[in-house]
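# Quick one, what's the 3D model for this:
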Amino acid sequence: MTEGQRYKILIVEDEEVPREIAKKALTLHLNVETFETDNGKEAVELFKQHQPDLVVQDIILKSPKSSMNGWDCIEEYRKLNNKIKVIVTSAYDVGYDLKLIKQNNISDIIQKPFDIEKFVASVKKVLEEGFSYSSTVTGSLTEIAPQVRDQIHKVSSQLINLKQKCEFYLIVHPVENVFDKNLFDNDLKSQKEAFKEALGILKDCMDEIDIAIKEVDNFKYLK
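Numbers count the residues shown, from 1 in each chain. Got it, this is the predicted structure:
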């Protein structure tokens, strides 16, 4: 941060406790002035009024004062200042919205409850450099994705084994009655089609996970 420069930060958080924690943590450790609100409509008005250097934006807003969610707010900020730095926060796993994070050029992702030290460090780095690689989601996704991929491989193998067992059973235990055999054949055909469809879906999932891992490793969605 530039020595002597005082930055303006807009904090949009619908819950009072995390809103106050964010305000006190930032004003105590950084040379900043903060403006706070619990709803999207007022957030846009505060943005227009104060023209902040950074917005700390909760994604899930439940305030009855406005129907806008965090992404709606960010869209309005971008209309007013396309270069505004935004850190998104949520009590939920925000890795779910990687496409939205990339599309909206989000500077960092902070999961609640806040780790105060990491939160302040992230804000400081975003103000200085425009982005932060301190996101807990980046680390957790990098760790979790390979595990999910391994589980998909495991399920895929189980489906293939089950398919082979079904086919083997019919070979070892042939059905003499033609009518019954036709029923078995039709059922097996349906099972094969179901397996084929399931394996196709699993392959698509694995491909998506591989893409996500590469994006996280290269920090593409934060640039």
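# Mind jotting down where the strands sit in the protein?
7-12, 32-37, 54-58, 85-90, 108-111 (DSSP state E).
# Pipe those strands into CSV and attach mean neighbour count and distance to Val126 per row.
All C-beta atoms are positioned from the backbone trio N, CA, C, and that covers glycine. CSV is the format used below for the strands of the chain (neighbours: other C-beta atoms under 10 Å; distance: least, C-beta to C-beta, whole Å):
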stretch, mean neighbour count, distance to Val126
strand 7-12, 24, 10
strand 32-37, 19, 12
strand 54-58, 26, 6
strand 85-90, 23, 5
strand 108-111, 24, 6
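# care to break this structure down by domain?
With domains defined by automatic domain parsing, the chain comprises 7-134, 138-222.
# Spell out the residue ranges of the helices in this structure.
In the chain, the helices defined using DSSP state H lie at 16-29, 40-50, 70-80, 98-103, 116-129, 136-172, 178-218.
# ranking these by mean pLDDT, which is last?
Of all the helices of the chain, mean pLDDT reaches its minimum on helix 136-172 (a mean of 58).
# hang on, the earlier thing: may I see the strands of the chain arranged in TSV, with mean pLDDT and distance to Glu193 as well?
TSV is the format used below for the strands of the chain (pLDDT from 0 to 100; distance: least, C-beta to C-beta, whole Å):
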stretch	mean pLDDT	distance to Glu193
strand 7-12	97	49
strand 32-37	96	54
strand 54-58	96	45
strand 85-90	91	40
strand 108-111	85	41
